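[1] Got a sequence here, can you build the structure:
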Amino acid sequence: MVAAISICVLITGIFAIHIAALGILRLLLVRTRARPTNPTTPSTAALINETRERKPVAVDQESFIPMPDHLKSHTDMIAWMTKELPRLIEGVPTKPHGP
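    Numbering: from 1, shown residues only. Alright, predicted model coming up:
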């Protein structure tokens with residue numbers, strides 16, 4: 001009687017393991033199946049074409065202040081932008097942004 005119960009438990013355990021494995025396999029197949037793309041998301045090619053179609057921004061030579069060539073590190077550039085650049089733009093007249 002005990003042997004019959006243990007055999008029944010063993011068969012039930014093996015059956016449960018197989019069912020669980022099939023369930024996991026089904027979940028993996030459902031998750032990795034190809035999904036349709038979202039039509040509202042622009043493709044990479046559309047983004048590239050859009051950037052090519054953009055008009056260049058006109059830069060006024062009077063208000064353009066180039067960054068010095070001797071600045072090589074990030075720290076040097078930040079220091080120049082926070083210390084020297086404000087002194088340089090004090091005398092430059094500003095124009096309102098927009099059309």
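[2] low-scoring stretches of the protein, by residue?
    Where the chain drops to pLDDT under 70, the residues are 1-2, 32-63, 91-99.
[3] Name the single longest helix found in it.
    helix 2-32 (DSSP state H).
[4] buried residues in that one?
    Across helix 2-32, burial judged by 16 or more other Cβ atoms under 10 Å covers no residue at all. (Glycine included, C-beta is placed from N, CA and C.)
[5] Packing partners of it?
    Helices and strands touching helix 2-32, as assessed by 3 or more Cβ pairs under 8 Å, 6 or more residues apart in numbering; DSSP states H and E, are absent.
[6] What is the burial count for Glu84?
    14 (other Cβ atoms under 10 Å).
[7] SS state for it?
    Here Glu84 is helix, with the state taken from DSSP: H, G, I helix; E, B strand; the rest coil.
[8] Okay, it and Ala16: tell me how far apart.
    Using Cβ to Cβ, to the nearest Å, we find Glu84 at a distance of 73 Å from Ala16.
[9] now Gly23
    In this view, Gly23 and Ala16 are 10 Å apart by Cβ to Cβ.
[10] just Ser6 next, same as before
    Using Cβ to Cβ, we find Ser6 at a distance of 15 Å from Ala16.
[11] Over to Leu22?
    When distance is defined by Cβ to Cβ, Leu22 is 11 Å away from Ala16.
[12] Then Lys72?
    Distance from Lys72 to Ala16, by Cβ to Cβ: 66 Å.
[13] Over to Ile89?
    The spacing between Ile89 and Ala16, counted by Cβ to Cβ, is 74 Å.
[14] same deal with His70?
    Applying Cβ to Cβ, the value for His70 to Ala16 is 72 Å.
[15] and what of Ala79?
    For Ala79, the distance to Ala16 - Cβ to Cβ - is 67 Å.
[16] Also Met77?
    Where Ala16 is concerned, Met77 sits at a distance of 64 Å (Cβ to Cβ).
[17] Does Leu71 lie in a helix or a strand, and which?
    Leu71 is part of no helix or strand when elements are defined by DSSP states H and E.
[18] OK, contacts around it?
    The contact partners of Leu71, taken as Cβ atoms under 8 Å, 6 or more residues apart in numbering, are 77, 80.
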